[in-house]
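> kindly return the folded structure for what I paste below:
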Amino acid sequence: MANVVEFLKESYIEMTEKVTWPTWLELQNSAILVLVASIIIALLILGMDETAGTALKMFYKSLA
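Predicted structure coming up:
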């Protein structure tokens, strides 16, 4: 049990004194970057999906 208590104390000290936390502005900039990147990736995947779907439709029509 002493090991658990010591671990919690050390963890608290590390989180409050040794970790460098980002500022609010840095968090906002990172969130915007992630949002923009996610939208771009989603649009790329949508484009690939639509292209593959159109190609398959054309292929199946050519067999009929």
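
> which other helices and strands does the longest helix anywhere in the chain contact?
In the chain, with assignment by DSSP state H, the single longest helix is helix 24-63. Here helix 24-63 touches no other helix or strand, going by 3 or more Cβ pairs under 8 Å, 6 or more residues apart in numbering; DSSP states H and E. No exception for glycine: its C-beta is placed from N, CA and C like everyone else's.

> in it, what counts as buried?
Neighbour-count burial for helix 24-63 flags no residue at all (criterion: 16 or more other Cβ atoms under 10 Å).

> so how far is that helix from its chain's centroid?
Its chain's C-alpha centre and that of helix 24-63 lie 14 Å apart, by Cα atoms, centre = their mean, to the nearest Å.

> adjust the sequence numbering to begin at 34 for everything that follows.
OK, 34 is where the count begins now, so the last one is helix 57-96.

> do you know the pLDDT at Asn62?
We note a pLDDT of 98 for Asn62 in this prediction.

> state the distance from the most centrally placed residue in the chain to Leu60.
Nearest to the geometric centre of the chain sits Val67, at 6.6 Å (Cα atoms, centre = their mean). Counting by Cβ to Cβ, to the nearest Å, the gap from Val67 to Leu60 is 11 Å.

> ok, now which ones touch Ile78?
By Cβ atoms under 8 Å, 6 or more residues apart in numbering, the contact set of Ile78 is empty.

> now Ser44
Taking Cβ under 8 Å, 6+ apart, we find Ser44 in contact with no residue.

> mind checking which helix or strand it is in?
Secondary structure from DSSP states H and E places Ser44 in helix 35-46.

> may I have that helix as PDB, with CA atoms only?
C-alpha atoms of helix 35-46 as PDB (Å, rounded to 0.1, in the frame of the first residue of the first chain):
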ATOM      1  CA  ALA A  35       2.900   2.300   0.700                       C
ATOM      2  CA  ASN A  36       4.100   1.900  -2.900                       C
ATOM      3  CA  VAL A  37       0.700   3.100  -4.200                       C
ATOM      4  CA  VAL A  38       0.700   6.200  -1.900                       C
ATOM      5  CA  GLU A  39       4.300   7.000  -2.900                       C
ATOM      6  CA  PHE A  40       3.400   6.600  -6.600                       C
ATOM      7  CA  LEU A  41       0.400   9.000  -6.200                       C
ATOM      8  CA  LYS A  42       2.500  11.600  -4.400                       C
ATOM      9  CA  GLU A  43       5.200  11.400  -7.100                       C
ATOM     10  CA  SER A  44       2.600  11.600  -9.900                       C
ATOM     11  CA  TYR A  45       1.000  14.700  -8.300                       C
ATOM     12  CA  ILE A  46       4.400  16.400  -8.000                       C
END
